[in-house]
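J.: Sequence plus predicted model, see below.
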Amino acid sequence: MRDLLSGAWTIQTAAPACNFDRATFVAQVNTGYLSIFCNWYSALRAVMPDVPVVILAYGERTALGAEGIVQAHGVGTSQTDIVRANETGVSQTSNHKFTSPAFNRIANDKVGLLIDSLQRTRKPVIFTDIDTAFIQDPRPLLSSKGGARGNHTLIALRETERSHCTCFVAACAAPSALRFLHSWRDALSRAALDVNASGEARNEQVVFHGEWAAHREAGWTTLGDLTTHHLPSGHGHARGIEEGVSTASALRPSHVWVHANWIEGAKNKQMKLLRQGHWNASCMQHM
């Protein structure tokens, strides 16, 4: 276990080839979502038993809980690193609104974790939200051997023409990717200061898409997209879960995960994943 690095990062000019087959997966968790993390980790290890993983855990209790889950799973233990972050201002039991200062803090930490991992390992990194369950390895979609994606050093999930979901962001240790990540983090810091009368700021996904669109308009060709064809959203299932209706749906061969987004609360997310047949019953002990 180690503490989250802080301070400025230096953009390195020399970068290895962008090969996502060598990527490290990174994610965040608080105590209230340890059960969801357990399910995410179990699903990931089922399809990628040897991939390196870095977990940003908020507070000592969360870090110890995450370590226990990793140790109990018994697969990929030596390949998993728990990074402890200061829990000040981050609720351990509840969700944070997209527009809240706490959520903005978590988003800043996410970008910092991406940058930190890239700078330390010089290997590609893939961030995902933990309310997901992988059913296939996503790395072949990202690999530099993928022809058309060969020049993309940062790839994110585009949900619509006007929005991205930062639930999935993949980046290489290349100057272009690091510059974009720094620009995204700077924009998040500005957004945190630009709040309305209710104390709300622009949510991180709006900020991300704004930076993405501006960089693409400026001629950046190193930014790539994946779509919901491969990474489906849980949006269409949210109402059914809230009403207690079964929302199990046939997964397409192209899908690499199930996602319980657009649903609030760890218990409701667990119900959605359970109804789709992608919940590990052993994770109930962490609810």
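T.: Cool, got the structure.
J.: In the protein, where's the longest strand?
T.: strand 163-171 (DSSP state E).
J.: Give me the helices and strands touching it, please.
T.: helix 101-121, strand 125-128, strand 154-160, helix 175-193, helix 204-217 (3 or more CB pairs under 8 Å, 6 or more residues apart in numbering; DSSP states H and E). To be clear about C-beta, it is placed using only N, CA and C from the backbone, and glycine gets the same treatment.
J.: avg pLDDT for the third one?
T.: This predicted structure assigns strand 154-160 an average pLDDT of 92.
J.: The shortest one now?
T.: Taken as a whole, strand 125-128 has an average pLDDT of 96.
J.: Show me the contact partners of the longest strand of the chain.
T.: Contacting residues not belonging to strand 163-171 are listed as 20, 23, 107, 110, 114, 118, 124-129, 132, 138, 142, 153-159, 177-178, 180-181, 204-206, 208-209, 212, 226, 231, 233, 259, 261 [CB atoms under 8 Å, 6 or more residues apart in numbering].
J.: how big is the angle separating it from strand 154-160?
T.: 160 degrees (axes from the mean of the first three to the mean of the last three CA atoms, to 10 degrees).
J.: Could you spell out the sheet neighbours of strand 163-171, each with its direction?
T.: strand 125-128 (antiparallel), strand 154-160 (antiparallel) (DSSP bridges).
J.: right, and the helix or strand after the helix or strand hosting residue 62?
T.: Using DSSP states H and E, residue 62 sits within helix 60-73. Counting by DSSP H and E, the element after helix 60-73 in chain order, helix or strand, is strand 80-85.
J.: other SSEs contacting that next one?
T.: Using 3+ CB pairs under 8 Å, 6+ apart, strand 80-85 sits against strand 2-3, strand 53-58, helix 60-73.
J.: make it 10 Å
T.: In terms of contacts (3 or more CB pairs under 10 Å, 6 or more residues apart in numbering; DSSP states H and E), strand 80-85 is packed against strand 2-3, strand 24-29, strand 53-58, helix 60-73, helix 101-121.
J.: which of these is buried the deepest?
T.: Stretch with highest mean neighbour count among the helices and strands packed on strand 80-85: strand 53-58 (a mean of 24; mean count of other CB atoms under 10 Å).
J.: what angle separates that one from helix 101-121?
T.: Counting by the same axes, to 10 degrees, strand 53-58 lies at 150 degrees to helix 101-121.
J.: CA atoms of strand 53-58 as CSV?
T.: The C-alpha trace of strand 53-58 is given here as CSV (Å, rounded to 0.1, in the frame of the first residue of the first chain):
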residue,chain,number,x,y,z
VAL,A,53,-4.1,-3.2,-11.4
VAL,A,54,-3.8,0.0,-9.3
ILE,A,55,-6.7,1.0,-7.0
LEU,A,56,-7.1,4.5,-5.5
ALA,A,57,-8.7,3.9,-2.1
TYR,A,58,-10.1,6.7,0.0
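J.: about what we covered before: filter the contacts of strand 163-171 down to the buried ones.
T.: 20, 23, 107, 110, 114, 118, 124-129, 132, 138, 142, 153-159, 177-178, 180-181, 204-206, 208-209, 212, 226, 231, 233, 259, 261 (16 or more other CB atoms under 10 Å).
J.: Show me where the stretch 101-250 of the chain dips below the pLDDT cut-off.
T.: 101-104, 144-150, 194-202, 235-250 (pLDDT under 70).
J.: on that earlier part again, nearest to residue 277 among the strands paired with strand 163-171 would be which one?
T.: Residue 277 sits nearest to strand 125-128 of all these, at 19.6 Å, using CB to CB.
J.: any idea how far the closest one is from the chain center?
T.: 6 Å (CA atoms, centre = their mean, to the nearest Å).
J.: Start and end of stretch 169-179, how far apart?
T.: 15 Å (CA to CA, to the nearest Å).
J.: in that stretch, what counts as buried?
T.: 169, 170, 171, 172, 173, 174, 176, 177, 178, 179.
J.: Same question for stretch 263-281.
T.: 263, 266, 269-276, 278-280.
J.: Look at residue 220 and tell me its secondary structure.
T.: coil (DSSP: H, G, I helix; E, B strand; the rest coil).
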